[in-house]
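1. I would like to see how this sequence folds:
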Amino acid sequence: MNKMLVQGLIFATALVGCAQNPDVPAQSNATTLSEEAADVCDCDAEAADNIEDNNSKDVLPNMEDDRPVHAKENSESEEEVEVEDDEFDEVETGTVTVSVDNFLSDYSVVISKTDDTQVSETDAASEGEVSEDEAVAASTNNVSDVNDADNVISDGTEDTVVINAARLNPPIAPANTSQTEESSEVSASTTNGCPPVNPEKSTYTVDEANKLENELIADVEYQAVRGGYPIVDTNQTLFYSNDAIIAEPKAGEAFYGQDAQFTKNAPSYTDNGDGTISDNVTGLMWKQDPGEKMTWPEAIVQLKKMNQQEFAGFSDWRIPSIKEVFSLVDASGVTRMSAESSIPYINTEYFVFEYGDTSGDNCFIDSQILSSTIYDTHTMNKTTAVFGYNFADGSVKGYEIDRDFYCYFVRANPSYGLNLFIDNANGTITDDATHLMWMQNDSGFYKVGANKDGAMNWEEALAWAQQMNAENFLGYSDWRLPNIKELHSLVDYTKSPKVTETAAINDLFYCTKIINAFDEEDYGYYWSSTTHDDIRASEAEYNAASYVIFGKALGLMNNNVMDVHGSGSQRSDPKSGERSAYPAPDMNSVSGDEQRVYNMVRLVRDTH
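-> Numbering: from 1, shown residues only. Here you go, the predicted model:
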């Protein structure tokens with residue numbers, strides 16, 4: 001077995017902020033896998049009124065040193081590490097940089113490609129320390145093919161490959177977060193059959209829940225591989241203006257470039273006839289019927305029973321990550337004021353789905369789907385939250401872990417949800433797991449829009465993509481506004497302004513800082529091309545579009561500003577409105593969600 005001597009450069013510097021210099025983006029810990037539910041239904045308003053001030057107005061700390069970690073003085077120590085693997089028989093000696101994030105206590109490999117060096121998936125470091133044996137974990141899933149991709153620089157310019165590995169150690173919040181603050185009391189009463197907003201105390205603290213999450217992840221042995229994270233199409237087939245269904249727009253016309261004009265990886269399922277459904281795009285196998293509702297702690301117990309009993313002949317079932325759950329989203333769903341007038345955001349020809357309490361119309365959307373992804377700080381009432389997707393109203397939010405959820409258990413393809421980012425050194429980032437290429441910098445960096453701040457309404461965002469194509473932006477003429485599933489793939493759930501003092505995205509990407517509706521320093525919401533037909537998000541039909549929150553998911557409840565849903569949430573805004581009226585809290589929402597309407601944009605294109 002041949003040996004490759006790898007020069008391990010171990011960074012013991014905590015990583016903060018998105019890259020402020022887009023030409024030299026910061027190398028980051030690149031991991032994947034991580035509301036309170038006040039706006040689950042309008043009848044939670046009574047309990048919500050009892051929530052007291054949680055001192056959630058956290059202003060981001062001063063971040064004067066925005067240089068990438070590798071550029072800071074006296075921040076490196078060198079040691080030689082021997083790595084053995086048959087896969088490196090013909091690989092020349094290269095340089096591997098191992099970045100350690102003090103907040104996250106794990107690491108990923110960042111490869112500087114000075115030749116044809118191939119390095120694959122990483123192990124996690126314990127307690128922020130990396131041993132010589134752990135510095136590089138070489139596997140059969142290498143990234144040598146990146147040199148053949150049509151999006152990789154081939155003129156000798158150095159590229160950077162970031163391999164996203166599943167987190168195996170709980171993140172540790174900075175001392176200045178509010179995790180140690182006492183929870184204020186809320187009413188545990190229910191109204192009209194709806195559950196309470198949250199209990200007085202969660203079964204597990206954030207740290208305890210993170211430990212359990214990491215144990216679940218370790219059992220799965222998630223591993224990032226090339227092409228291992230195919231994004232299933234949203235199945236949105238209708239075309240929309242700001243307030244109507246329209247005929248398909250042509251290039252150069254208003255609203256051209258929206259979701260329905262691009263179909264890739266159309267949804268495809270197989271009913272196995274044994275209570276399971278196979279996704280023919282993702283390779284995931286799902287339990288067809290989620291059964292009775294259960295809390296997050298109860299789901300962990302149920303998982304053990306399923307595997308002990310070898311449900312459908314398998315013993316490797318797991319609680320899905322939020323990215324795995326999101327793969328099931330069908331954006332042809334519709335949310336109206338009752339279950340009878342709505343269409344769920346999941347294919348009910350294959351999956352069993354139930355709306356929530358239909359005895360009162362306000363609570364029919366109480367049908368949240370559980371994930372394994374814990375939010376690494378608190379939401380609302382300082383309780384512990386887990387991310388879930390609501391197939392009744394089409395949103396991702398952080399919910400208190402002791403509320404009742406449905407759970408679609410899953411198995412197979414332990415690569416799903418893990419990114420393989422490549423810095424092409426030309427203003428683009430390729431994800432070799434999804435085969436998507438992204439703008440490294442957002443619209444704010446390019447100072448577009450009427451106010452030159454990067455913020456645009458939905459129609460303007462679509463038009464900007466057309467403009468960039470006409471200009472052959474960064475050498476390509478096939479840019480588009482990403483659909484909501486593509487955009488969601490960028491979320492890094494180990495990051496947030498409250499925990500890592502960054503946006504919830506890999507540090508290779510530049511994120512424009514803004515001032516939100518509550519005069520706090522923040523990061524943008526980012527538009528998708530996907531219309532969200534939910535009259536709860538906008539009073540007019542067809543007037544809302546989905547976005548992803550990479551900064552703070554704030555709301556105004558009882559005149560208190562708080563983190564209501566968690567960084568990495570997916571909600572929707574009206575597509576248009578008077579610029580002077582936004583940003584502002586939505587007073588029609590129980591949790592007073594901040595609406596911006598004028599959001600940031602990060603364009604995408606296909607590499608295959």
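
2. The top helix by length along the chain packs against which elements?
-> Using DSSP state H, we find that the single longest helix of the chain is helix 206-220. Contact here means 3 or more C-beta pairs under 8 Å, 6 or more residues apart in numbering; DSSP states H and E; on that basis helix 206-220 packs against helix 296-308, strand 368-374. From N, CA and C alone the C-beta is placed, and that goes for glycine too.

3. The nearest residue in space to Thr276 that is not next to it in sequence and Met294, how far apart?
-> The shortest distance from Thr276 to any non-neighbouring residue, by C-beta to C-beta, 6 or more residues apart in numbering, is to Ala312 (4.8 Å). Distance, Ala312 to Met294, by C-beta to C-beta, to the nearest Å: 19 Å.

4. do Ala266 as well
-> Ala266 is 32 Å from Met294, by C-beta to C-beta.

5. what residue ranges in the stretch 351-500 of the chain score low on pLDDT?
-> Applying pLDDT under 70 to the stretch 351-500 of the chain flags residues 358-362.

6. mind redoing it with 90?
-> Within the stretch 351-500 of the chain, the stretches with pLDDT under 90 are 356-364, 366, 378-383.

7. Output stretch 493-504 in CSV with nothing but the alpha carbons.
-> Extracted in CSV, the C-alpha atoms of stretch 493-504 (Å, rounded to 0.1, in the frame of the first residue of the first chain):
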residue,chain,number,x,y,z
TYR,A,493,-27.2,24.4,9.8
THR,A,494,-24.1,24.5,12.0
LYS,A,495,-23.9,28.3,11.4
SER,A,496,-26.0,31.3,12.4
PRO,A,497,-25.5,34.9,13.6
LYS,A,498,-26.2,33.8,17.2
VAL,A,499,-23.8,30.9,17.4
THR,A,500,-21.0,31.4,14.9
GLU,A,501,-21.6,35.1,14.2
THR,A,502,-21.9,34.3,10.5
ALA,A,503,-24.6,33.8,8.0
ALA,A,504,-25.9,30.2,7.7
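
8. And the strand or helix carrying Trp464, what does it pack against?
-> Using DSSP states H and E, Trp464 falls within helix 458-470. Applying 3+ C-beta pairs under 8 Å, 6+ apart, we find helix 458-470 packed against strand 525-531.

9. could you give the mean pLDDT of the strand it packs on?
-> Average pLDDT, strand 525-531: 98.

10. Show me the helices in the chain, by range?
-> Taking DSSP H, the helices of the chain run over residues 45-48, 206-220, 296-308, 322-326, 458-470, 484-488.

11. buried residues in the longest one?
-> Of the residues in helix 206-220, those scored as buried under the neighbour-count criterion (16 or more other C-beta atoms under 10 Å) are 206-207, 209-210, 212-214, 216-217, 220.

12. do the same with stretch 538-555
-> 538, 542-555.

13. what about it, how long is it end to end?
-> Start-to-end span of stretch 538-555 (C-alpha to C-alpha, to the nearest Å) is 16 Å.

14. Then stretch 466-479?
-> One end of stretch 466-479 sits 8 Å from the other (C-alpha to C-alpha).

15. which residues are contacting it?
-> By C-beta atoms under 8 Å, 6 or more residues apart in numbering, the list of residues contacting stretch 466-479 from outside reads 251-252, 256-257, 426-428, 437, 439, 465, 603-606.

16. if we can go back for a sec, tabulate the buried residues of helix 206-220 (JSON lines), appending pLDDT and distance to Asn390.
-> Converted to JSON lines, the buried residues of helix 206-220 look like this (pLDDT from 0 to 100; distance: C-beta to C-beta, whole Å):
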{"residue": "Val206", "pLDDT": "94", "distance to Asn390": "22"}
{"residue": "Asp207", "pLDDT": "95", "distance to Asn390": "27"}
{"residue": "Ala209", "pLDDT": "94", "distance to Asn390": "20"}
{"residue": "Asn210", "pLDDT": "94", "distance to Asn390": "23"}
{"residue": "Leu212", "pLDDT": "93", "distance to Asn390": "23"}
{"residue": "Glu213", "pLDDT": "95", "distance to Asn390": "20"}
{"residue": "Asn214", "pLDDT": "94", "distance to Asn390": "25"}
{"residue": "Leu216", "pLDDT": "93", "distance to Asn390": "22"}
{"residue": "Ile217", "pLDDT": "92", "distance to Asn390": "23"}
{"residue": "Val220", "pLDDT": "93", "distance to Asn390": "24"}
